[in-house]
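S.K.: Just a sequence and a predicted model for now, questions to come.
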Amino acid sequence: MKKVMVTGVYGLIAGAIYNRLAALVGDYEVYGLARRRQDSDRVAPDRVINIPDDRFTLSDMQDVDQMTAAFDGMACVVHMAADPIGAGGWESVLKSNVIGAYHAFEACRRANVARIVYARSIQASSGYRAHEEPYSSISNGAFDTVPDPIPMVTKEMPTRPLNLYSSSKVWGESMGRIYADQHGLSCLCIRIGWVVAEDAPPRPNSGDIWCSQRDIVELTKCCVDAPDTIRYDIFYGMSDNRYRWVDLENARDAVGYVPQDRAEDHLKQGRSDV
Amino acid sequence: MKILITGVYGLIAWAAYKRLASRDDLDVSGLARRKTPSERVAAGESIEIPDDRFHLADVTDYDKVRAAVEGQDVVVQMAADPRPSAPWEAILNSNLIGAYHVFEACRDAGVKRIVFASSIMTNWGYWDDEPYRAIREGRYDDVPDPIPIVTHLDPPRPTEPYSASKVWGEALARTYSDVHGLSCLCLRIGWVNAEDKPFKPEIGPVWCSQRDIVQLIERCVDAPKDLRFDVLYGISNNPYCWVDVSRGKEIVGYVPRDGESS
């Protein structure tokens, strides 16, 4: 029985992870942490997340001692709590994503947690999509100019943040590097594609960075289950989309992630409202 | 051209101030949170910045930073806690929040360029990998020739919150350059010390003399306006150097003059 803590547990992705792991009774004992005890606005209204009171911690991640107590005894912390798009501006990014991330890593160290799965968005690489070819052609839907195969952006390539939110992701990955190298905490970072409540690409030209809910849940589960010997890595959390431009081979080789969905299968449904 | 150097009483910043202020074509001012030099600046050196060229401000105070950068062409952002062992609260305030304030104020004020003082510490973790570990441990027979060079395109390897704060600053630089058109040049500054010479085995390959780092800063101030973003290493001409010093020469004409082999 593996004890797993999911922070930001009422978020769209975090809640799906919670439910997936909690359903595997006997394999996982799942806990949640959030700053409110209610679903986020992004979540489908019919979704239910039942977290027993004795497995829930109310925290805005500004108190590292409280987080340490909440993480005590956990084998793995899935750290999802963040301002998900930076809409709250600098103060929100600073509190939730910069200070909150530091506190999460530090609390894991103090509580002797074996692994943290640090999940943030693809935006750490989104400068490629905005400013570099052929990725900007893909984002514009100019597919006839796109080479085949598409040159993949990998974890080894420089990050290309485009805003404070994605800069805070770079900060968090640096924390992962430090806590892995200096403190022996296993740190797996996920750069998550565009996951939405409707679970389909929200715009015609978003298929390259779309990720289905079940794919991101599966990758996260792969990270939770991965051998203890994996010290540090960065994975892209993406479905197997036709115009995908980020590397999935590393996630397959390191933790066995194989995406099940493709954006094209969902685009074909012809959403006339987008 | 109007230049503001923040953290101006630090060791490197003060050396840069003296050089730039000696030029007739530059209008140089300084910002610091105290009106006294850092303890790393040579003892007994007289330090005088005229009052009309000095801004007393802590970079945690956005409004004061904003006022200081008004009308500047180039801001050399060196205000930070320089200690790799600095406690979290100091890193948070001076290096994380402070860097954001300077970038944001420069954007808002229409400053054309930021020269951001990053650090070789962003790559410090490579010391733990071969063949860099062999260099650190003096096992020179285990070091291949040529040495595989770490460049600005390789993943950063911060080792503590201080160096992560420099990665944060570089991420802000990337953002403010790509999104807001601010020219951002990041300098991964090597090991600069008050003694102005290398004194430990793991310092030698990444040491930088004071005049070399001042030269690089000056080259960045003078660099073509269309230079949008780069990350350059500020390192002297050292034996067993394993980071890419050549890019500084290629991009801004930096030619280190010091180092053990010179």
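M.R.: On my side now, so go ahead. Predicted model only: the values in this text are computed from it and were never measured.

S.K.: and B:Ile203, what does it touch?
M.R.: With CB atoms under 8 Å, 6 or more residues apart in numbering or on different chains as the criterion, the residues that contact B:Ile203 are B:191, B:193. C-beta here means a position set from N, CA and C on the backbone, and glycine is covered the same way.

S.K.: any idea how far chain A is from it?
M.R.: As judged by CB to the nearest CB, to the nearest Å, B:Ile203 and chain A stand 20 Å apart.

S.K.: Which parts of the chain are strands?
M.R.: No chain specified, so I'll use chain A. Applying DSSP state E to chain A gives strands spanning A:2-7, A:28-34, A:56-58, A:76-79, A:115-121, A:186-192, A:232-237.

S.K.: hm, I was asking about chain B
M.R.: For chain B, applying DSSP E gives strands covering B:2-6, B:27-32, B:54-56, B:74-77, B:113-119, B:183-189, B:229-234.

S.K.: So which of those strands is the most surrounded?
M.R.: strand B:74-77 (a mean of 29; mean count of other CB atoms under 10 Å in any protein chain shown).

S.K.: B:Ala90 - how many residues pack around it?
M.R.: B:Ala90 is flanked by 16 other residues according to other CB atoms under 10 Å in any protein chain shown.

S.K.: Please apply the same query to the one 10 residues further on.
M.R.: B:Tyr100 is flanked by 23 other residues according to other CB under 10 Å.

S.K.: residues in contact with the residue nearest to it when sequence neighbours are not counted?
M.R.: Sequence neighbours aside, B:Leu172 is the residue nearest to B:Tyr100 in space, at 6.3 Å (criterion: CB to CB, 6 or more residues apart in numbering or on different chains). Counting by CB under 8 Å, 6+ apart, B:Leu172 touches A:164, A:167, B:99-100, B:103, B:116.

S.K.: With B:Thr122 as the reference, measure out to B:Leu172.
M.R.: Separation of B:Leu172 from B:Thr122 (CB to CB, to the nearest Å): 14 Å.

S.K.: between the contacts of B:Leu172, which is nearest A:Val196?
M.R.: Proximity of those to A:Val196 (CB to CB) peaks at A:Leu164, which lies at 21.9 Å.

S.K.: That closest one: what's its closest spatial neighbour, skipping adjacent residues?
M.R.: A:Val93 (4.8 Å).

S.K.: which residues sit in contact with the one you found?
M.R.: A:83, A:86, A:164-165, A:168 are the contacts of A:Val93 under CB under 8 Å, 6+ apart.

S.K.: buried stuff in the helix ranked longest in chain B?
M.R.: In chain B, with assignment by DSSP state H, the single longest helix is helix B:161-180. Buried residues in helix B:161-180, defined by neighbour count with 16 or more other CB atoms under 10 Å in any protein chain shown: B:161-178.

S.K.: quick one, that helix and strand B:113-119 angle?
M.R.: 160 degrees (axes from the mean of the first three to the mean of the last three CA atoms, to 10 degrees).

S.K.: gap between helix B:161-180 and the chain center?
M.R.: Distance of helix B:161-180 from the chain centroid (CA atoms, centre = their mean, to the nearest Å) equals 13 Å.

S.K.: next one: stretch B:9-24
M.R.: Its chain's C-alpha centre and that of stretch B:9-24 lie 13 Å apart, by CA atoms, centre = their mean.

S.K.: Contacts for it next, please.
M.R.: B:3, B:5-8, B:26, B:28, B:30, B:32, B:34, B:36-38, B:40-41, B:47, B:49, B:76, B:78-79, B:82, B:117, B:189, B:192-194, B:210-211, B:213-214, B:217-218, B:221.

S.K.: What residues sit buried inside that stretch?
M.R.: Buried residues in stretch B:9-24 (16+ other CB under 10 Å): B:9-17, B:19-21.

S.K.: give me the low-pLDDT residue ranges for the chain?
M.R.: Unless you meant another one, I'm taking chain A. Within chain A, the ranges that satisfy pLDDT under 70 run A:39-42, A:44-45, A:268-274.

S.K.: Let me rephrase: I mean chain B.
M.R.: For chain B, the stretches flagged by pLDDT under 70 are B:42-44, B:46, B:260-262.

S.K.: Please identify the residues of it in proximity to chain A?
M.R.: Proximity of chain B to chain A is confined to B:88, B:92, B:96-97, B:100, B:104, B:125, B:128, B:152-161, B:163-164, B:167-168, B:171-172, B:174-175, B:178-179 under the rule CB under 8 Å from any CB of the partner chain.

S.K.: Identify the residues contacting the residue in the stretch 1-150 of chain A that chain B sits nearest to.
M.R.: Closest to chain B within the stretch 1-150 of chain A is A:Gly127: 5.4 Å, counting by CB to the nearest CB. By CB under 8 Å, 6+ apart, the contact set of A:Gly127 is A:159-162, B:174, B:178.

S.K.: now, which of the residues you listed sits nearest A:Tyr179?
M.R.: Nearest member of these to A:Tyr179, counting by CB to CB, is A:Thr159, at 18.2 Å.

S.K.: Please list the residues of the stretch 151-274 of chain A that sit near chain B.
M.R.: Counting by CB under 8 Å from any CB, the stretch 151-274 of chain A sits next to chain B at A:155-164, A:166-167, A:170-171, A:174-175, A:177-178, A:181-182.

S.K.: Mark which of those residues are buried, thanks.
M.R.: Counted by 16+ other CB under 10 Å, those give A:155, A:158-164, A:166-167, A:170-171, A:174-175, A:177-178, A:181 as buried.

S.K.: If any of the contacts of A:Val93 are buried, give me the ChimeraX selection for them.
M.R.: Those of the contacts of A:Val93 that count as buried under 16+ other CB under 10 Å are selected in ChimeraX with:
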select /A:83,86,164,165,168
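
S.K.: Turn the contacts of A:Val93 into a markdown table, including distance to A:His266.
M.R.: Below are the contacts of A:Val93 laid out as a markdown table (distance: CB to CB, whole Å):
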| residue | distance to A:His266 |
| --- | --- |
| A:Asp83 | 27 |
| A:Gly86 | 26 |
| A:Leu164 | 31 |
| A:Tyr165 | 26 |
| A:Ser168 | 30 |
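
S.K.: which pair in the contacts of A:Val93 spans the largest distance?
M.R.: The most widely separated members of the contacts of A:Val93, counting by CB to CB, are A:Asp83 and A:Leu164 (9.5 Å).

S.K.: do you know how far B:Phe103 is from B:Leu182?
M.R.: Taken as CB to CB, the span from B:Phe103 to B:Leu182 is 7 Å.

S.K.: Alright, calling it a day.
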